[in-house]
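K.L.:
need a 3D model of the sequence below.
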Amino acid sequence: MSNTNNAAAAATGYFDLQVNGYDGVDFNTDDLTLENLHKACAKFVADGAQHMLATIITERIPQMVHRLQALVKFREQDPLIKQVIAGIHIEGPFFNEQAGYRGAHPVDCIHPTNLDELKQLLDAAGGLTRIVTLAPERDPNMQAISYLAKQGVVPSMGHCNPTLDEIDAAIDAGAKMWTHLGNGCPRQLDRHENVIQMALSRADKLWLCFIADGVHVPFVALGNYLKLAGDRAIIVSDAMPAAGMGPGTYKFGRWEISVGEDLSVWAPDRSHLVGSALAMKPAAERLRSALPHMAGNIDQWMITHPRKLLGLA
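P.N.:
So this is what the prediction gives:
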């Protein structure tokens, strides 16, 4: 069998581009251990998924560096971790700091792009960075987006409120994706002229990612978005530590959060969501139930398209 056929045969499981934690393990903590990371990866596989991008979110740069270095170190020490964690997704800290757009990311750590800091993060990730999510309107002259594209890293827009001109400039500079579209923005927006509509208008040029739990984006809207995204739609979990476990109280980054029976994860004041507790397989089941006419596309959204984005298929 050829190498190409081997790769195709292996690419049968869910590939999740955004996993912040799993099975009670928070990747965004300073005391992550090899044993805990192995446990999270083992449960991730047992729950029917195959590969993930471990995601490090906004904090002060030294802490993000430390957490990235820990992932790289443990990945080299454990064959299962190395198999499961196909790379790293850095989400922040170069975001729009306004309430609603910043979501659960700590406002005191959010700031415009800084190439020296970006290089520190990439160096700490040891060549494993596959995606960096940032706000184009906080990236002067699209300097970070251009740099990432030249390094072979996918620049993704998210937690942002750019103008259409800024979106186009980001695409011209190398942006290829939009992180969890429909989220990372205020719950109340202009009904026509808003960041969701602008992103959808560029669906022919961007991979558009969505969280498919029916809470982050209600299924009636998600169905419309997926139609517009067409062959460039991707489903992610945006999993936080409760994923793979169930309702309860968990620690995620700076947050102490409660997970409800529907596995929705809200900030304590319910002003915004804080990731998802729904794993990929049950997300696929919810999609099949809520959007049965689109069920034939689920494997593309969750298996094939993530690999295409990363050049693995």
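K.L.:
the stretch 201-313 of the chain: helices as residue ranges?
P.N.:
According to DSSP state H, counting those that start in this stretch, the stretch 201-313 of the chain carries its helices in the segments 219-229, 280-290, 298-299, 305-309.
K.L.:
would you turn the ones you listed into JSON lines with distance to residue 212 and mean neighbour count?
P.N.:
Where C-beta positions appear, they are placed from N, C-alpha and C, glycine not excepted. Formatted as JSON lines, the entries for the helices of the stretch 201-313 of the chain read as follows, by distance: least, Cβ to Cβ, whole Å; neighbours: other Cβ atoms under 10 Å:
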{"stretch": "helix 219-229", "distance to residue 212": "6", "mean neighbour count": "17"}
{"stretch": "helix 280-290", "distance to residue 212": "5", "mean neighbour count": "18"}
{"stretch": "helix 298-299", "distance to residue 212": "9", "mean neighbour count": "16"}
{"stretch": "helix 305-309", "distance to residue 212": "13", "mean neighbour count": "21"}
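K.L.:
and of those, who's closest to residue 264?
P.N.:
Proximity to residue 264 (Cβ to Cβ) singles out helix 280-290 among the helices of the stretch 201-313 of the chain, at 12.1 Å.
K.L.:
who are the packing partners of that closest one?
P.N.:
Helix 280-290 is packed against strand 14-19, helix 219-229, strand 233-236, helix 298-299, with contacts defined by 3 or more Cβ pairs under 8 Å, 6 or more residues apart in numbering; DSSP states H and E.
K.L.:
repeat that for 7 Å
P.N.:
Based on contacts counted as 3 or more Cβ pairs under 7 Å, 6 or more residues apart in numbering; DSSP states H and E, the elements that helix 280-290 packs against are strand 14-19, helix 298-299.
K.L.:
now do that helix: distance to the chain's middle.
P.N.:
The chain centroid and the centroid of helix 280-290 are separated by 18 Å under Cα atoms, centre = their mean, to the nearest Å.
K.L.:
for stretch 84-101, same thing?
P.N.:
From the chain centre to the centre of stretch 84-101 is a distance of 7 Å (Cα atoms, centre = their mean).
K.L.:
and the lengthiest helix in the chain, what does it pack onto?
P.N.:
In terms of residue count, the longest helix belonging to the chain (DSSP state H) is helix 61-77. Packed against helix 61-77 by the contact rule (3+ Cβ pairs under 7 Å, 6+ apart) you find helix 34-46, strand 49-57, helix 79-84, strand 85-91, helix 115-124.
K.L.:
roughly how far is that helix from the heart of the chain?
P.N.:
In terms of Cα atoms, centre = their mean, the gap separating the centre of helix 61-77 from the centre of its chain is 18 Å.
K.L.:
average pLDDT for it?
P.N.:
In this model, helix 61-77 carries a mean pLDDT of 98.
K.L.:
check stretch 131-146 too.
P.N.:
Confidence over stretch 131-146, taken as the mean pLDDT, stands at 98.
K.L.:
ok, residues contacting it?
P.N.:
Counting contacts by Cβ atoms under 7 Å, 6 or more residues apart in numbering, the residues outside stretch 131-146 that touch it are 17, 53, 89-92, 94-96, 112-113, 115, 118, 148, 153-162, 166-167, 169-170, 173-175, 177, 179.
K.L.:
where does pLDDT dip in the chain?
P.N.:
Applying pLDDT under 70 to the chain picks out residues 1-11, 271-272.
K.L.:
the same query, at a cut-off of 80, please.
P.N.:
1-12, 250-258, 260, 264, 266-275, 313 (pLDDT under 80).
K.L.:
understood, closing this out.
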